[in-house]
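Novice: Here is a sequence with its predicted model. Questions after.
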Amino acid sequence: MKTYATPFTTLLLTGSLLGASFTAGAGEHGDAHGDPMAKVTISSTEVADGIWMLTGQGGNMAVSIGEDGTFLIDDQFAPLHDKILAAITGLGGSQPEFLLNTHWHGDHTGGNEAMGEKGTIIVAHDNVRKRLTSDQFVKAFNMKSGPQPEAALPVITFNDTITFHWNGQTVEADHVGMAHTDSDSYVLFTEANVVHTGDLFFNGFYPFLDPDSQGSLAGVISGVNEILNRIDDETVVIPGHGPLGNKAQLTEYRDMLQAVYREVKSLKSQGKTLDEVIAAQPTKAFDKKWGGGIFTAEQWLGIIYPTI
Ligand SMILES: [Zn+2]
């Protein structure tokens, strides 16, 4: 079995995906010497009246601030907690009443414990809680995590869909089955016409999907299709990673995933090994646009091949 140590190690060091919360306590009290989180700043982009995308390090967040209070989607890494709260306060918000996790990965749930300790009610799909209360191993990143403290756990879980009526919005989270993981939800702000896709969408680069959490390429495609069916050309699309997007970009992403899926499936059904599939360059037409992010084509094929 091939390993792809170098780029993943780089990822771990930069903490750009999954990373920090899995390495117990590392960088918890960040300093300028070794903690990449110390230099992270949280930026906000207003996507609708009272709704912002927040970015820092890790999964993109969304926050709704208004007369009912503050509703946050995802919370990146524990060491960024204070900075995230400061950004929310700067926008006129406060300690979130609700935090919704789009899935269990540490770059989306790392701030949970600090949020929960201060009274934020954490909400997520059943499998988020299941995975946060048990030992997990993400082979692609060689990362282990154990059961999280009580305060970090979702206290309200759902098995299909849940709706919040908050700040004048109907905010609907929908579970999509096994996709990036088995715990993924996307979140629709119906009236504002904004969607947070969680990690079903990496805008502009080949996406990670996590076979150790039942993720698969076919599952991601079907999850993306579910979102596409719910949105229109005006919808603001907040991806799990990458810049703010729209329906056209999500469609192009789906088309890319589908084309690669078909190609790799056909090669695999001819009995081709991973190395042979890599040599056949099934992603060639897409590498220029999508291969410059977290994964090169070769690395990405190594991740998706076993799931096809
Ligand atoms: Zn993820």
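Specialist: Received the coordinates, thanks.

Novice: Please make it C-alpha for all contacts and neighbour counts, starting now.
Specialist: Will do.

Novice: Strands along the stretch 1-150 of the chain, start to end?
Specialist: In the stretch 1-150 of the chain, the segments counted as strands under DSSP state E, counting those that start in this stretch are 43-48, 51-55, 61-66, 69-73, 98-100, 121-125, 136-138, 143-145.

Novice: Surely Leu301 forms part of a helix?
Specialist: Yes. Judged by DSSP: H, G, I helix; E, B strand; the rest coil, Leu301 forms part of a helix.

Novice: which residues does Arg230 contact?
Specialist: By Cα atoms under 8 Å, 6 or more residues apart in numbering, no residues touch Arg230.

Novice: and what of the one 10 residues further on?
Specialist: Under the criterion of Cα under 8 Å, 6+ apart, the contact list for Gly240 reads Gly59, Asn60, Met61, His196, Thr197, Gly198, Asp199, Leu200, Phe201, Phe202, Asn203.

Novice: Need the winner for burial among the strands of the stretch 1-150 of the chain.
Specialist: Across the strands of the stretch 1-150 of the chain, averaging neighbours per residue (mean count of other Cα atoms under 10 Å) puts strand 121-125 on top, at a mean of 25.

Novice: packing partners for that one?
Specialist: strand 98-100, strand 156-158 (3 or more Cα pairs under 8 Å, 6 or more residues apart in numbering; DSSP states H and E).

Novice: For His125, find the nearest of those.
Specialist: strand 156-158 (4.9 Å; Cα to Cα).

Novice: Please identify the buried residues of the closest one?
Specialist: Thr157, Phe158 (16 or more other Cα atoms under 10 Å).

Novice: Tell me how far that strand lies from the chain's centre.
Specialist: Taking Cα atoms, centre = their mean, to the nearest Å, one finds the center of strand 156-158 at 19 Å from the center of the full chain.

Novice: Stretch 103-121 too?
Specialist: 14 Å.

Novice: Just put the helices and strands packed on strand 121-125 in CSV and tack on mean pLDDT and distance to Asp126.
Specialist: Output for these, formatted as CSV (pLDDT from 0 to 100; distance: least, Cα to Cα, whole Å):
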stretch, mean pLDDT, distance to Asp126
strand 98-100, 98, 12
strand 156-158, 98, 5
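
Novice: contacting residues around the residue nearest to Pro207 when sequence neighbours are not counted?
Specialist: Nearest residue to Pro207 in three dimensions, chain neighbours excluded: Phe201, at 7.2 Å (Cα to Cα, 6 or more residues apart in numbering). By Cα under 8 Å, 6+ apart, the contact set of Phe201 is Pro207, Val224, Pro239, Gly240, His241, Leu250, Tyr253.

Novice: one more time with 7 Å, if that's ok
Specialist: Residues in contact with Phe201 (Cα atoms under 7 Å, 6 or more residues apart in numbering) are Pro239, Gly240, His241.

Novice: Give me the phi and psi for the second one.
Specialist: Taking degrees, to the nearest 10, you get phi -60, psi -40 for the backbone angles of Gly240.

Novice: where in this protein is pLDDT low?
Specialist: 1-34 (pLDDT under 70).

Novice: Go again with 80.
Specialist: Within the chain, the ranges that satisfy pLDDT under 80 run 1-35.

Novice: what's near enough to touch Ser94?
Specialist: Thr70, Ile88.

Novice: now do 8 Å
Specialist: Gly69, Thr70, Leu85, Ile88.

Novice: again, but for Val187
Specialist: So Val187 contacts Thr102, Val171, Glu172, Ala173, Asp174, Val195, His196, Thr197, Gly198 (Cα under 8 Å, 6+ apart).

Novice: of those, closest to Asp233?
Specialist: Val195 (12.1 Å).

Novice: Just say helix, strand or coil for that closest one.
Specialist: strand.

Novice: check contacts around Trp300.
Specialist: Listed by Cα under 8 Å, 6+ apart, the contact partners of Trp300 are Tyr206, Pro207, Phe208.

Novice: Redo the contacts of Ser94 as CSV? Include distance to Pro36.
Specialist: Putting the contacts of Ser94 into CSV (distance: Cα to Cα, whole Å) gives the following:
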residue, distance to Pro36
Gly69, 31
Thr70, 28
Leu85, 19
Ile88, 22
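
Novice: Look at stretch 104-117 and report the distance between its end residues.
Specialist: One end of stretch 104-117 sits 18 Å from the other (Cα to Cα, to the nearest Å).

Novice: same deal with stretch 200-218?
Specialist: Using Cα to Cα, the two ends of stretch 200-218 sit 11 Å apart.
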